[in-house]
Structure formats: C-alpha cells, structure tokens
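Undergrad: Using only what follows, build the 3D model:
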Amino acid sequence: MRPDMPPRYDELPRPDDGSGLPLAWGVWGPGDEIGTLNRITDATVAAAAAEIREGRRFNLNLPLDEPFGATTQGSHRRRTAPQPTLIADEQPGRLIRDDRLDSFWLQGSTQWDGLSHFADPYHGFYNHAPVSAVVHGAESRNGIDKALRHGIAGRAVLADLARHFAATGRDWGSLGGRRASAEELAGCLAAQGVALRPGDILLVRTGWLAAFRAAPDVDARDHLIRGTNKGQDYSGLSGGEDMWRFLWDQGVAATCADNPTVETWPYFPWKPTLHWAIARLGLVIGEFFDFESLAADSAATGRWSSFFTAAPLHLRGGIGSPGNALAIR
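TA: As a prediction, the model looks like this:
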C-alpha cells in the first residue's frame, strides 16, 4: 500500500469492541510506529520546497519556560518550567560556560505527543505495541525517536480560527470549551483561499497563546492554564468523528495548535477525542506552538502555507518532545 494512499476513513475496519470507532492498525504495516507521519514522503517534501520563495524564517517554539514559568507552582498537576543551572569552568587561559536543565518536562512547552502518549482503552497502544515496550531505550515502541528518524517536514497550512471567527462573528474564546467543528475548520481554510494536500502539516491558531501573553498578571495566566471553576475547559478543534474523518481523509500528516490540548477540553472517557485517535489512528499532534508571527505575516500577505520542518529530540522511547519547529517562506 502506498503511504500517501491509505483507505478512506469510512473504509477503515471497525472492530466489534463497543466503541464503534475505526482502528487503523496495520494500514502502514504491522511494525509501523509513526502513524499519520507516513503521509510525509520524499515526493511531498520535495513538492513543499516550492513554498520557500523569500527565505524568511519563523520560529514556532515557545521559550522552554513558557507557559509554566509564567504561572504559579502547581498550575499543572505535574509539569513545571525547567530549572537551568549555569556552570562556570575557569582556569588560566580558559574561560568556559556550560549548563544543564533540571525538572525538564519534555511536554512542558511547545511539544509533540508521541504515539506512546495515549493508549486505546480496548486495545492498548498504537499498532499492537505492548505496555512492556512503552519504555525508554533501544527496545521501545512508538517513541518520539521514530518520528525523528522518519522526518517531520513538508508543506504546512495555517488555519487562523481566531481571526476567522472574529471576522464572521462566531462566539469564540480561549476558555469555555468552545468546539470548532470540521465544517468550521474547512470554512476557515476556504475563506483563507487555501486547501490541504496529502502530507500537509496543519497548524491551528485558536488564540489561546495570544490571550495568555496578553493576560495582565499571574492570576490571569493561571486561569488560562487551570480553566474556569468547572476545570480545564479549553476551546479547540472538535475531537469527534467529524474531525477524525476530516483529518484522515484530507491526508493530514500532523496537527499542531497554539493551545494546551489541540482539541476542546475536557474530554470524556469513552467519547471520541483526538487524544484517543493517537492510539486508534496513529494521529500525530502537537501543542503550545507559537504561530503569532506567522499568522500576522499570513494576514498581511495572504499566504497561508509555508515550508515546515521539525526535529524532535532523539530520545529513544521518548513519550514526547519539544517541538523544535520552523516555518520558512
């Protein structure tokens, strides 16, 4: 089977497991460990080189201490900002500086979720990976190092939902659990005059990061992390089958957003979510990406696509990684 031509969403098998959801295991072979990144091929990357016209570069990564370094301790139930230590090594004729990071959570800032991040409650981790193989080291399965070895590069398309909804009058905000449906996402892309192609990386600007940076104080920033008194209730993409079908049939290789979860939150056990699709579809997602400069340039130039490249850390068996992403135009 060609990696760029898997079955359509409605053609995927649906095992009799009570979920009613498709299971894409084996679509790219019994030993596959990269899921939808298989959509990225030599041909899609080569074609995406045409996106580079002026050579302008856009950093898509937050500083490693953002957002949690700008909130109070405990704003996340376990993740914190890393603590850097500067080491001085001074001897006659030699002046050296070195550094290290303590409490470095690999998903504590701009991040990729590996396919070992979420398991399916019926079948386990993506593509029959046993729990015993979700470890660090050479014997691991589905680690972020597999994504690095395949390579995350190609054409990226930005869907600026925040601008689109502001222009169309859609009720939207960073919190409140507002849900952008697949139809609304498609409408945003159509209004921008851009279409997805197989192998694309979809970048979704929800406006969460802009709201976080505009927050007047630490309490307001904490609120954007913790959510309302109902708990974490981020606005984002629909996690339902409408979005599963859209991302799969459009041939999206990875989906990244500027908010903490990509999809609307909270999720509800036994209900479809994009995080559940990590296990069932091999869906690759990333969170806390910084699209502010890229989005401003897109709004000014009308260009919503770019060349995208990212290099996750080469940690064998890593559950996630900093994004290490760059857009080039």
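
Undergrad: And the helices in the stretch 151-300 of the chain, which stretches?
TA: For the stretch 151-300 of the chain, the helices defined by DSSP state H, counting those that start in this stretch cover 161-168, 182-192, 208-214, 218-226, 241-249, 274-281, 292-301.

Undergrad: Deepest-packed of those, please.
TA: Mean neighbours per residue, mean count of other C-beta atoms under 10 Å, is largest over the helices of the stretch 151-300 of the chain for helix 274-281, with a mean of 24. Bear in mind the C-beta positions are built from the backbone N, C-alpha and C, glycine included.

Undergrad: quick check: angle from that one to helix 241-249?
TA: Put simply, helix 274-281 runs at 50 degrees to helix 241-249, going by axes from the mean of the first three to the mean of the last three C-alpha atoms, to 10 degrees.

Undergrad: list the helices and strands helix 274-281 packs on?
TA: Identification of packing neighbours for helix 274-281 by 3 or more C-beta pairs under 8 Å, 6 or more residues apart in numbering; DSSP states H and E yields helix 241-249, strand 285-287.

Undergrad: With mean pLDDT and distance to D222 added, can I get these in a markdown table?
TA: Converted to a markdown table, these look like this (pLDDT from 0 to 100; distance: least, C-beta to C-beta, whole Å):
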| stretch | mean pLDDT | distance to D222 |
| --- | --- | --- |
| helix 241-249 | 98 | 29 |
| strand 285-287 | 98 | 18 |
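
Undergrad: Could you point out which of those sits nearest V135?
TA: Closest of these to V135 is strand 285-287, at 21.9 Å (criterion: C-beta to C-beta).

Undergrad: Listing partners with orientation, what would you give for the closest one?
TA: strand 111-113 (antiparallel), strand 254-257 (parallel) (DSSP bridges).

Undergrad: so I40 touches A153, yeah?
TA: Yes - counting by C-beta atoms under 8 Å, I40 does reach A153; the two are 6.8 Å apart.

Undergrad: follow-up on the earlier one: right, so of the strands paired with strand 285-287, which gets closest to G74?
TA: G74 lies closest, by C-beta to C-beta, to one member of the strands paired with strand 285-287: strand 111-113, at 19.5 Å.

Undergrad: ok, then the element right after the closest one?
TA: Next in sequence after strand 111-113, counting helices and strands by DSSP states H and E, comes helix 144-150.

Undergrad: Show me what that following helix is packed against.
TA: Packed next to helix 144-150, using 3+ C-beta pairs under 8 Å, 6+ apart, are strand 320-322.

Undergrad: Could you pull out the buried residues of the strand it packs on?
TA: By neighbour count, with 16 or more other C-beta atoms under 10 Å as the criterion, the buried positions of strand 320-322 are G320, S321, P322.

Undergrad: Tell me where the stretch 1-150 of the chain has strands.
TA: 57-59, 83-91, 94-102, 111-113 (DSSP state E, counting those that start in this stretch).

Undergrad: in this protein, what spans have low per-residue confidence?
TA: When residues are selected by pLDDT under 70, those of the chain lie in 1-4.

Undergrad: Please give me every residue in contact with the most far-flung residue of it relative to its centre.
TA: No residue in the chain sits farther from the centre than P92, which is 47.7 Å out by C-alpha atoms, centre = their mean. By C-beta atoms under 8 Å, 6 or more residues apart in numbering, the contact list for P92 is empty.

Undergrad: E90 now?
TA: Applying C-beta under 8 Å, 6+ apart, the residues contacting E90 are I96.

Undergrad: just L283 next, same as before
TA: Residues in contact with L283, defined by C-beta under 8 Å, 6+ apart, are G35, T36, W244, L247, T255, L274, A277.

Undergrad: Thanks a lot, catch you later.
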